[in-house]
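Asker: could you look at this predicted model? Sequence included:
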Amino acid sequence: MKMRNKSLFILIFALTATTAMASVPQLGRDLANRLRPVNLTPMPIAADRSAELLAVADSLASVADKPANNMLYVPLIFTSYNMDNCDMQLPPLQPYTTLDQPTLNYDHRWLDDLQWNINFQNYHIQQMYVNHPNVVKYNLANMPEPPKQYEAVLDVKRNILTIEERKVEVPLAAPTTEVKQRNWIHAFDASLQFSQAYMSENWYQGGNNNLNMISNINYGLKLNQNLHPKLLYELTVQYKLGINSAPDDELRDYSINEDLFQLVTKFGLKATKKFYYSMGLQFKTQLLQSFHSNTWDLGSSFLTPGELNAGIGMTYSTKNKRGNASFDASLSPLSYNMKICRATHKISPTTFGIEEGKHLGHEIGSSGECKFSWAITRNISLNSRLFVFSDYSYIQGDWETTIDLAVNKFISTRIYAHLRYDDSADIDKAWRYWQFKEVFSFGLQYKFNY
């Protein structure tokens, strides 16, 4: 019995040992597998693809007819996928054409360029999203929030200084401003210029002290042709007064060398692109009395002389592309000219081409006018006007040219030249029928437009 139990124990021990020895390799393998480092798949990391990105952008810039400014030269950010932009065909650039604008006449080429650049950029960015995702470095959904701004707030009563986040209010919509359309364009220009000279009594060359003053006031009214392209209307009102000291005149301390009130207006209806059926009116006179030196003989006064001219014809008007130069030419085959001499008891009307004993002189003929304006630079401008009238028995013409050189907004230098031809006046040995006047002045000036 004991031998049987002993044999059974030996058998059980042998089986257990065998099983245990068979399990050791598997246990070793399990332990080795647990201790072995896990081979994880590496997470994708956004690589710096700047060189590849620049190569693609350079290729686009070399083949495109009109690449957008700074397009694709910054790291790409994925925003959204647009099937339309990806599948669309980029339209070729079309030659610029001038379109008739119903309300405003503006240069629309910048808008065409902007729209083409936006389409070009959207198209190729979508292509990069699909065909080259490895160069898209950022995703808008994973972009970090912008840094917050803080400010110090002082509570004087409690003597506490706190740091708080600055609140930035972003408007939901852009503010709207009502733009008023101006049918009329106003311009005003006023200047006061002078020259002065002083010499001591013993000055070796002699001479007299003198002081000259010239004032000029201009007001212009013009119809806005952007809103009314088929109409033309201009109105100019001008008054010039020149006073100088008169040391040689024993009766007066000063004399008037310039006194002119002038009104010029023009109205036209558009005939073709730059031609208008027009009617013009011009009126000029002197406002103050002037006398000959050392006498009380009247030289001129209000409506002595005065002149009124009206004509019907055609007007040509044009501007350059920059808008800093304009030219107008008017021809009136039918023109009426009236001369006025109010003070016939002091001045003979024949001096102004009017029959003796009459206050008015009437003439029918033709007239022409040319005006040229050029803003050479921001501070230098030139204005010239030529007006000619003839009743086929004599010719009268005035050519006025003014050059303004602005030192700043309030100080300027002006050169004024006036050439006149009148073969109805008395002939002069030196100048014959020509008359000339030139003024160089320096002084104050103020102008504005509205």
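Answerer: Arrived safely.

Asker: now for residue 442: which residues touch it?
Answerer: By Cβ atoms under 8 Å, 6 or more residues apart in numbering, the residues touching residue 442 are 193-195, 411-414. No exception for glycine: its C-beta is placed from N, CA and C like everyone else's.

Asker: direction included, what does the host helix or strand of it pair up with?
Answerer: Using DSSP states H and E, residue 442 sits within strand 434-449. Next to strand 434-449 in the sheet, as set by DSSP bridges, lie strand 184-197 (antiparallel), strand 411-422 (antiparallel).

Asker: in TSV, list those along with distance to residue 379.
Answerer: Formatted as TSV, the strands paired with strand 434-449 follow (distance: least, Cβ to Cβ, whole Å):
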stretch	distance to residue 379
strand 184-197	15
strand 411-422	8
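
Asker: now, of the ones you listed, which is deepest in the fold?
Answerer: With neighbours taken as mean count of other Cβ atoms under 10 Å, the strands paired with strand 434-449 reach their highest mean count in strand 411-422, at a mean of 17.

Asker: contact partners of it?
Answerer: With contact meaning Cβ under 8 Å, 6+ apart, strand 411-422 is reached by 191, 193, 216, 394-407, 433-445.

Asker: what mean pLDDT does the strand holding residue 442 have?
Answerer: Per-residue pLDDT over strand 434-449 has a mean of 86.

Asker: buried set for it?
Answerer: For strand 434-449, the buried set under the neighbour-count rule, 16 or more other Cβ atoms under 10 Å, comprises 439, 441, 443, 445.

Asker: and stretch 379-398, by the same measure?
Answerer: Buried residues in stretch 379-398, counted by 16+ other Cβ under 10 Å: 381, 383-387, 389-391, 394, 396-398.

Asker: then stretch 127-146?
Answerer: 128-129, 135-137.

Asker: for that stretch, the distance to its chain's centre please.
Answerer: Centroid displacement of stretch 127-146 relative to its chain, using Cα atoms, centre = their mean, to the nearest Å, is 41 Å.

Asker: tell me where the stretch 51-200 of the chain has helices.
Answerer: 83-87, 109-131 (DSSP state H, counting those that start in this stretch).

Asker: neighbours of residue 345, how many?
Answerer: Under the neighbour criterion other Cβ atoms under 10 Å, residue 345 is assigned a count of 7.

Asker: which SS class is it?
Answerer: Three-state call for residue 345 (DSSP: H, G, I helix; E, B strand; the rest coil): coil.

Asker: residue 227 contacts residue 180, correct?
Answerer: No - assessed by Cβ atoms under 8 Å, residue 227 is found out of contact with residue 180, at 11.4 Å.

Asker: those two - which one has more neighbours?
Answerer: residue 227 (14 against 6).

Asker: how near is the more buried one to residue 278?
Answerer: With the distance defined as Cβ to Cβ, to the nearest Å, residue 227 ends up 19 Å from residue 278.

Asker: ok, now residue 108?
Answerer: Counting by Cβ to Cβ, the gap from residue 108 to residue 278 is 30 Å.

Asker: neighbour count winner among those two?
Answerer: Higher neighbour count among residue 108 and residue 278: residue 278, with 25 against 14, using other Cβ under 10 Å.

Asker: can you pull up the bridge partners for that one?
Answerer: Beta-bridge partners, per DSSP bridges, of residue 278: residue 268, residue 313.

Asker: count the neighbours of residue 365 for me.
Answerer: 20.

Asker: which strand or helix spans it?
Answerer: Using DSSP H and E, residue 365 sits within strand 360-375.

Asker: may I see the buried residues of that strand?
Answerer: Buried positions in strand 360-375, judged by neighbour count with 16+ other Cβ under 10 Å: 361, 363, 365-371, 375.

Asker: max pairwise distance over the buried residues of stretch 127-146: which two?
Answerer: 129 and 137 (12.1 Å; Cβ to Cβ).

Asker: now do residue 181 against residue 224, distance only.
Answerer: Going from residue 181 to residue 224 by Cβ to Cβ gives 8 Å.

Asker: more neighbours: which of the two?
Answerer: Neighbours per residue, other Cβ under 10 Å: of residue 181 and residue 224, the larger number sits with residue 224, 14 against 9.

Asker: who's in contact with that one?
Answerer: Applying Cβ under 8 Å, 6+ apart, the residues near residue 224 are 181-185.

Asker: cool, residue 209 as well?
Answerer: Contact analysis of residue 209 by Cβ under 8 Å, 6+ apart lists 197-199, 245, 247.

Asker: does residue 148 touch residue 165 like I think?
Answerer: Yes - the pair residue 148 / residue 165 is scored as a contact, 5.5 Å apart, by Cβ under 8 Å.

Asker: by mean pLDDT, flag the weakest helix or strand of this protein.
Answerer: Ranking every helix and strand in the chain by mean pLDDT, DSSP states H and E puts helix 2-35 at the bottom, with a mean of 44.

Asker: what about the stretch 151-300 of the chain, any weak spots by pLDDT?
Answerer: 202, 204-207 (pLDDT under 70).

Asker: could you pull out the strands for it?
Answerer: Assigned by DSSP state E, counting those that start in this stretch, the stretch 151-300 of the chain shows strands spanning 160-165, 184-197, 210-223, 231-245, 254-270, 275-285, 290-291, 298-300.
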